[in-house]
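Colleague: Please find the sequence and the predicted model below.
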Amino acid sequence: ERVGRLSGEPGVVNLVRAVPKKTQAPLLYDLTELQREASRRFDYSAKETLNIMQRLYENHKVLTYPRTDSRYLSSDILPTIKERLSACAVGPYKVLAGRLANRPLPEKPFFVNDAKVTDHHAIIPTEEFVQLDHMTVDERRIYDLVVRRFLAVLYPPYEYEQTNLTVKAGGERFVAHGNIVRSQGWKAAYEDGYDGDEEEDQEVKGQRLPDLKPGDVLNRLTFGLTEGKTKPPAHFNEATLLSAMENPAAYMESGDKEMARTLGETGGLGTVATRADIIEKLFSSFLLEKR
């Protein structure tokens, strides 16, 4: 009833509170993160992604070693970045990589950390000249993910204003939260917009708000009421199963802190190189199925 009464009422912006924020690009890929992303976007199994990666590494020689559990680079890689940029500056990446070629590297890059690189650093392009037309569709897709992430970390932060609005309409007060974008920064590396499921990006999610100031009048507002029910947790898909294997303590029923700590220290169930095979074996022995 009250919703019907409000329909067509003009709204007056009462309060605008904007807080400037910046976010860096998500970190580079390790194998598990790449398997998650490929599962989410292209529905590839973890094993398929690893096989495609292996071909890009061994046959095409355009990507670095895939079986890595680090999302950082070691400092000795920094001097090679310009060469890697010019190697992948082809086709759809030409302009993006070209813009970076003349820029100096950031002084303290957030993606460089020797302490967080064990045997192998994050997956990035090599200095090998790239021939996109020699790749299959699957190889192109995986290569695209890696190159765009590599370019993204070299771009400046994404800048926006986290904004709270209060609007008065028909004697009621309404509140909206959202973002006003100030500079695309690293998101320019993603032509169709970045929709990653990364934790880094969760706070940025939210609606895009127009630039409003107190006293602005909003006409033709529509009002609706949404009723919902809570849902049980979703079934696993391969992406979320990989996350659970990486951090299984969240699913432990015993609440044993000592055990949880040991699981954390050992890096979860399986290793970055064996998780795909473990999942594959469960499918092939018909203990799990995909629907």
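Modeller: Now that the structure is in, tell me what you want to look at.

Colleague: Which residue ranges of the stretch 51-200 of the chain form strands?
Modeller: In the stretch 51-200 of the chain, strands defined by DSSP state E, counting those that start in this stretch lie at 158-169, 172-183, listed in chain order.

Colleague: Can you say which of these is packed in most?
Modeller: strand 158-169 (a mean of 18; mean count of other Cβ atoms under 10 Å). No exception for glycine: its C-beta is placed from N, CA and C like everyone else's.

Colleague: Now do that one and strand 172-183, the angle between them.
Modeller: Angle of strand 158-169 versus strand 172-183, following axes from the mean of the first three to the mean of the last three Cα atoms, to 10 degrees, is 160 degrees.

Colleague: And strand 158-169, how far out from the chain middle?
Modeller: A distance of 24 Å separates the C-alpha centroid of strand 158-169 from that of its chain, computed with Cα atoms, centre = their mean, to the nearest Å.

Colleague: For it, which helices and strands make contact with it?
Modeller: Judged by 3 or more Cβ pairs under 8 Å, 6 or more residues apart in numbering; DSSP states H and E, the packing partners of strand 158-169 are strand 11-23, strand 172-183.

Colleague: May I see those organised as TSV, with mean pLDDT and distance to residue 109 added?
Modeller: What follows is these, written out as TSV (pLDDT from 0 to 100; distance: least, Cβ to Cβ, whole Å):
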stretch	mean pLDDT	distance to residue 109
strand 11-23	90	15
strand 172-183	87	19
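
Colleague: want to try a markdown table for these, with distance to residue 93 as columns?
Modeller: Shown next, in a markdown table, are the helices and strands packed on strand 158-169 (distance: least, Cβ to Cβ, whole Å):
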| stretch | distance to residue 93 |
| --- | --- |
| strand 11-23 | 22 |
| strand 172-183 | 21 |
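
Colleague: Nearest to residue 273, out of these?
Modeller: Closest approach to residue 273 among those is made by strand 11-23 (30.9 Å; Cβ to Cβ).

Colleague: re the thing from before, would you list the strands of the stretch 51-200 of the chain in TSV and tack on distance to residue 118?
Modeller: As requested, the strands of the stretch 51-200 of the chain are arranged in TSV below (distance: least, Cβ to Cβ, whole Å):
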stretch	distance to residue 118
strand 158-169	30
strand 172-183	35
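
Colleague: just the helices in the stretch 101-250 of the chain please.
Modeller: Counting by DSSP state H, counting those that start in this stretch, residue ranges of the helices within the stretch 101-250 of the chain are 137-154, 199-202, 238-246.
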